[in-house]
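*Asks:* Below is the sequence, then the predicted model.
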Amino acid sequence: MEGEILKGHLDMIVLAALVGGPAHGYAVIQEIQRRSGGAFELPEGTVYPVLHRLETAGLLSSHWTTSESGRKRRVYTLTRRGRLALADHRAVWQRFADAIGGFLGEGGHATLQSNR
Amino acid sequence: MQRSNPIADYGAAIARELSFDAALSQRVRAEIEDHLWEAAGAGAGDPSPERQKRAIANFGDPRELALQYAASSLRKQMRRAGTTMVLAVAAIYVAMKGRVAWYSLMQWEVNRTEKLASAIGVPVDRYAFLAAAGIALLGCAYAATRRVPDRLDWTYGKALQRYMVLCAVTAGALLLPIAIETVLTGIRLYGMAWSAASWVPALTLAAEAVAASLLIHQIFATTRRTALALSLLRGRATIGLRAG
């Protein structure tokens, strides 16, 4: 999928990837790739500034843990505000997708027919 | 011969690019190094430099990453400077009012020199403080209406610089009443026998000076951080390519 289109929706994608529970950055990226069936291809580093920005906005909280290998690992959790923001994003996306779907489907079809 | 360690080099490059925010720099370095070790498959032993390089190649350019972190970091710093500015104006106002209330409570005699100095100093003092408060409010409104981009750009950088000018003008306008009040208080206390009551005006002046100093410190810190972050926009990085 086009990177520029994805970037506009990264906040929603990252919030959605954390719905299942707390996760560290690498797990968030894996979850995004798994749920998108590999369609969302972004430089992996792009996700970390988004996590930081969402945390600064109060939509995520984070804390350090220690991984099995003994390295420091930052784990992110959706906050209540984050869940509300995701619900808003979902509603907006649904309206947008319905409108685009209708436009490209029925509307586009009608235009093609009238041009014949 | 020392074995090459691309992940550590890349982590160091990220930390350098984020040097405008020391705490963020350390945090991001640790977080990203953890990611890269995992991506390179560190669980299965020490990954080879080639596997490390592949993990880095999927991650992106350190400078590009730093620019994405910079906008939210600078916004945080801008808010800190704004909060300090509002608190400094409020603290100086309370200290001034407290000193005046103390004077009327003590009913100290006003000498001729003080009357003369007050006739000139008090209006200047008042208008300078009002100007400082007005500019501080303007600065807060300006900061609140700026859109924070996902990635630091010159438009946001210029907005930050304008905001810092407003903060600096506020600080300058606050220093003027503090200087005038210091002179007036000095004249009032000069020649009086020092007593416990004399400590109140002295301490309120000290509180004003501390508030102004904290504001100036925040302005310098924010200006420095902004300048360092904006330097990322000048020229392209080659660090990531070296690490990769």
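*Replies:* The structure has been received and is ready for your questions. None of these values were measured; they are calculated from a predicted model.

*Asks:* Below-threshold pLDDT in chain B: ranges please.
*Replies:* B:1-3, B:42-45, B:235-244 (pLDDT under 70).

*Asks:* which bits of it sit near chain A?
*Replies:* Within chain B, the positions near chain A by C-beta under 8 Å from any C-beta of the partner chain are B:24, B:27-28, B:30-35, B:37-39, B:42-43, B:58-60, B:64-65, B:68-69, B:71-72, B:75-76, B:150. The way it works is simple: take the backbone N, C-alpha and C, and place the C-beta from them, glycine included.

*Asks:* From the residues you listed, which land in helices?
*Replies:* B:24, B:27-28, B:30-35, B:37-39, B:64-65, B:68-69, B:71-72, B:75-76 (DSSP state H).

*Asks:* So A:His63 sits against A:Val75, correct?
*Replies:* Yes - taking contacts as C-beta atoms under 8 Å, A:His63 lies within contact range of A:Val75: 6.0 Å.

*Asks:* Have a look at those two and say which one is more surrounded.
*Replies:* With neighbours defined as other C-beta atoms under 10 Å in any protein chain shown, A:His63 and A:Val75 compare such that A:Val75 has more, 17 against 10.

*Asks:* can you list the residues of chain A near chain B?
*Replies:* A:7, A:24-26, A:29, A:43-46, A:48-50, A:52-53, A:56, A:67-69, A:71-74.

*Asks:* If any of these are buried, put those into a PyMOL selection.
*Replies:* To isolate in PyMOL the members of the residues of chain A next to chain B that are buried, counting by 16 or more other C-beta atoms under 10 Å in any protein chain shown, one can use:
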select buried, chain A and resi 24+25+26+29+44+45+46+48+49+50+52+53+67+71+73+74
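
*Asks:* Tell me which of the residues of chain A next to chain B fall in strands.
*Replies:* A:His24, A:Lys72, A:Arg73, A:Arg74 (DSSP state E).

*Asks:* Among those, name the least confidently predicted one.
*Replies:* When these are sorted by pLDDT, the bottom entry is A:Lys72 at 87.

*Asks:* C-alpha coordinates for stretch A:97-106, PDB please?
*Replies:* Provided in PDB are the C-alpha atoms of stretch A:97-106 (Å, rounded to 0.1, in the frame of the first residue of the first chain):
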ATOM      1  CA  ALA A  97     -15.000   4.400   3.600                       C
ATOM      2  CA  ASP A  98     -18.800   4.300   3.000                       C
ATOM      3  CA  ALA A  99     -18.700   7.600   1.100                       C
ATOM      4  CA  ILE A 100     -15.800   6.600  -1.100                       C
ATOM      5  CA  GLY A 101     -17.200   3.100  -1.600                       C
ATOM      6  CA  GLY A 102     -20.500   4.600  -2.700                       C
ATOM      7  CA  PHE A 103     -18.800   7.100  -4.900                       C
ATOM      8  CA  LEU A 104     -16.500   4.700  -6.600                       C
ATOM      9  CA  GLY A 105     -19.100   1.900  -6.700                       C
ATOM     10  CA  GLU A 106     -22.600   3.100  -7.600                       C
END
